[in-house]
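Undergrad: sequence unknown, structure follows:
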């Protein structure tokens, strides 16, 4: 981004305008484009897709009225929420109450700064990229706590407190899992981590050794908990807390919380892809050498598909698992995930002393294990279908 | 907590999540049980309902004996039956037979106690109305005579058909194991 602006200024554009002003306007423009052209439609379509996937897994149809197969449902929901009255309770702390949704939103949106959509398609390749993501996504907890406190409502406050406890606890396994990859890659930069991997699955850090393989699932579980996703959505457990910290919110402010939740899903998938799944790495084919544009598109599509696969898995988990209790949530984190993630970290560190030949054999073996698990999984799916003898319907539309 | 039980907890969690996710994934390729409600489908929607579906109550007044068993058994008294003496024919007549669908909770007790199977659940479920009074079903708009079962079976062919339908309903639907009995047939 900065390099492009420098190029323009050298070409004589923006003569007489201070350099800093050009940078600031350029950054704002980039943020606006990213927000309106990518993040907003992505979060919206994710909300629709989640409802459809969820419905199919529960033998229902799901929203299918607005647009073809209901794909414009998110626009209808957004417009409806814009037109709703924005109620601020009399007893609420008005300033904090109005501010909280934007802090949550900012916490998730800031993560997009360092997400590497392609080899050159990144807003800023910070040299502390992954640390930056861990830091800014923690801003969400400030917003949620603020919303819970400012609502002046016992459900909101309980939801906010639970959320704070949950996010702070699950930062530890997530951070330790990230640390594994930082040790292996030797860098905190998102692009540097991706460049440390290859396009082939056996070059990914996921299959590097048994500990990173386990670490990936620890990271994904912890990230789900940090994103307040089912089965860890106790801050907004509707059976206990009405809607948790969003109880008093209405209209667009309410929508901002859910915007952040669905957008956050993509951030989770993108970070998992960057750290463990080789990011945007594509096979070095001959056609990419001559056309950098095609290469950029291929990299973007690869990254997007890999990241969206994990968005789908998050939807799928939401359709599968019931919500855990508060004590179960805490014991899962402190008694199981924290020790296991430290074991994985030590194992990865020990594994770095294995000679390169041994590492290559382990990667191949781990890749074989991954394929075997996938095959067993689909055999189980086949078994479930044979058991129930249902009427099959493979089309995605109805 | 021993090491063995700790490891067992972890493996149990992984296994059960794996199994659960295979079940939900298999649901992804199954045909949904529900349909979008007002959409047109090849057959009338009432025909796709399950056997023994408890829809809105209907009464076949031609075979109703006026025993009032349904009125007495109804837990929320949504059935009101009036029986008067007709002075001309010296017979007892229904003055009214009303069921308030607003109140009905579809428990099915009335259809179980009915001796002739004249009160029964239809497959009808679309009961929308602009006012609650529109949901009161009047089954005797004008005074109608009571049905008297004849010894040795019904001789009137018109009524015989209705008696058979009522008896079939009693056998197949309004008994505790009715569904199983109907499937065996």
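TA: The structure has been received and is ready for your questions. Everything numeric in this text was worked out from a predicted model, so none of it was measured.
Undergrad: Now residue 160: which helix or strand?
TA: This is for chain A. helix A:154-185 (DSSP states H and E).
Undergrad: right idea, wrong chain: chain B
TA: helix B:157-172.
Undergrad: for that helix, which positions count as buried?
TA: For helix B:157-172, the buried set under the neighbour-count rule, 16 or more other CB atoms under 10 Å in any protein chain shown, comprises B:162-163, B:165-166, B:169-170, B:172. C-beta coordinates here come from the backbone N, C-alpha and C atoms, glycine included.
Undergrad: go on, stretch A:184-197?
TA: A:184-185, A:187-194, A:196-197.
Undergrad: Give me the nearest residue to residue B:10, chain neighbours excluded.
TA: The shortest distance from residue B:10 to any non-neighbouring residue, by CB to CB, 6 or more residues apart in numbering or on different chains, is to residue A:336 (6.4 Å).
Undergrad: Quick check: phi and psi at the closest residue to residue B:160 other than its chain neighbours.
TA: Among residues not flanking residue B:160 along the chain, residue B:154 sits closest, at 4.2 Å (CB to CB, 6+ apart). In terms of degrees, to the nearest 10, the main-chain angles of residue B:154 are phi -80, psi 130.
Undergrad: can I assume residue B:154 is in contact with residue B:166?
TA: No - counting by CB atoms under 8 Å, residue B:154 stays clear of residue B:166, with 10.6 Å between them.
Undergrad: residues touching residue A:240, list them.
TA: residue A:234 (CB atoms under 8 Å, 6 or more residues apart in numbering or on different chains).
Undergrad: Regarding residue B:84, what is its secondary structure?
TA: Assigned state for residue B:84: strand (three-state reduction, DSSP: H, G, I helix; E, B strand; the rest coil).
Undergrad: Enumerate every residue touching the closest residue to it other than its chain neighbours.
TA: With sequence-adjacent residues excluded and distances taken as CB to CB, 6+ apart, residue B:84 is closest to residue B:95, at 4.6 Å. Going by CB under 8 Å, 6+ apart, residue B:95 touches B:82-84, B:140, B:143.
Undergrad: Try it again at 7 Å.
TA: Residues near residue B:95 by CB atoms under 7 Å, 6 or more residues apart in numbering or on different chains: B:82-84, B:143.
Undergrad: partners of the helix or strand where it lies, with directions?
TA: In this structure, residue B:95 sits in strand B:91-100 according to DSSP H and E. If you go by DSSP bridges, strand B:91-100 pairs up with strand B:79-86 (antiparallel), strand B:136-138 (antiparallel), strand B:144-145 (antiparallel).
Undergrad: of all those, which lies closest to residue A:251?
TA: With respect to residue A:251, and counting by CB to CB, the nearest of the strands paired with strand B:91-100 is strand B:136-138 at 41.2 Å.
Undergrad: Give me the distance from whichever helix or strand residue A:346 is part of to the chain's centre.
TA: Secondary structure from DSSP H and E places residue A:346 in helix A:338-351. The chain centre lies 23 Å from the centre of helix A:338-351; the measure is CA atoms, centre = their mean, to the nearest Å.
Undergrad: gap between the two ends of stretch A:287-294?
TA: Separation of the first and last residues of stretch A:287-294 by CA to CA, to the nearest Å is 8 Å.
Undergrad: Give me the mean pLDDT for it.
TA: Averaged across stretch A:287-294, the pLDDT comes to 78.
Undergrad: and if you look at stretch A:88-107?
TA: Averaging pLDDT along stretch A:88-107 yields 85.
Undergrad: got the buried residues for it?
TA: Buried-residue list, stretch A:88-107, by 16+ other CB under 10 Å: A:88-89, A:92-93, A:96-97, A:99-101, A:103-107.
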